[in-house]
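[1] Give the three-dimensional model of this entry:
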Amino acid sequence: MIADGIIATKETFSGVMAKNGDVIYSRYRHDYRTSDDGSVFVDGGRDYFRSGVYDKEQYVSLRVNKDKLEAFKDEQT
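    Predicted structure coming up:
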């Protein structure tokens, strides 16, 4: 199947900010990733979101805008 990938830009997805300032996100289902400093992990991609972060201030939303990935704080949380 050939697709243009536009669906990737339609919705936001979740990520977390590590203690060293890096934003970590999972790319797809069962994609377990840890930050370089080992302070956070994420899993699940866009299917589900699992992390070892308990501080809401570390959560960020991500979106694809043209050719860039943008991280921002969700004002509703």
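[2] for this protein, longest strand please?
    strand 59-65 (DSSP state E).
[3] got the residue ranges for the strands in the chain?
    13-17, 23-24, 33-34, 41-43, 50-51, 59-65, 68-72.
[4] Run the chain-centre distance for the third one.
    So the one you mean is strand 33-34. Offset of strand 33-34 from its chain centre (CA atoms, centre = their mean, to the nearest Å): 11 Å.
[5] repeat for the first one
    In this view, strand 13-17 has its centroid 3 Å away from the chain centroid, taken as CA atoms, centre = their mean.
[6] Buried by neighbour count: which residues of that strand qualify?
    Going by neighbour count (16 or more other CB atoms under 10 Å), the buried part of strand 13-17 is 13-17. For the C-beta atoms, the positions are set from N, CA and C on the backbone; glycine is no exception.
[7] For D36, which residues are in contact?
    Taking CB atoms under 8 Å, 6 or more residues apart in numbering, we find D36 in contact with 18, 20, 22.
[8] ok, Y28 touching D43?
    No - in this structure, Y28 is not within contact of D43 by CB atoms under 8 Å, at 10.1 Å.
[9] The two: who's more crowded?
    D43 (17 against 9; other CB atoms under 10 Å).
[10] so what's the residue nearest to the spatial centre of the chain up against?
    The residue lying closest to the centre of the chain (CA atoms, centre = their mean) is G15, at 2.7 Å. Each residue near G15 by CB under 8 Å, 6+ apart is listed here: 23-25, 42, 59-62, 71.
[11] How about it: what's its closest non-neighbour residue?
    Y25 (3.7 Å; CB to CB, 6 or more residues apart in numbering).
[12] ok, the one you found - contacts?
    By CB under 8 Å, 6+ apart, the neighbours of Y25 are 13-16, 33, 42, 62.
[13] do that again at 10 Å, thanks
    13-16, 31, 33, 42, 44-46, 49, 51, 60-62, 69, 71 (CB atoms under 10 Å, 6 or more residues apart in numbering).
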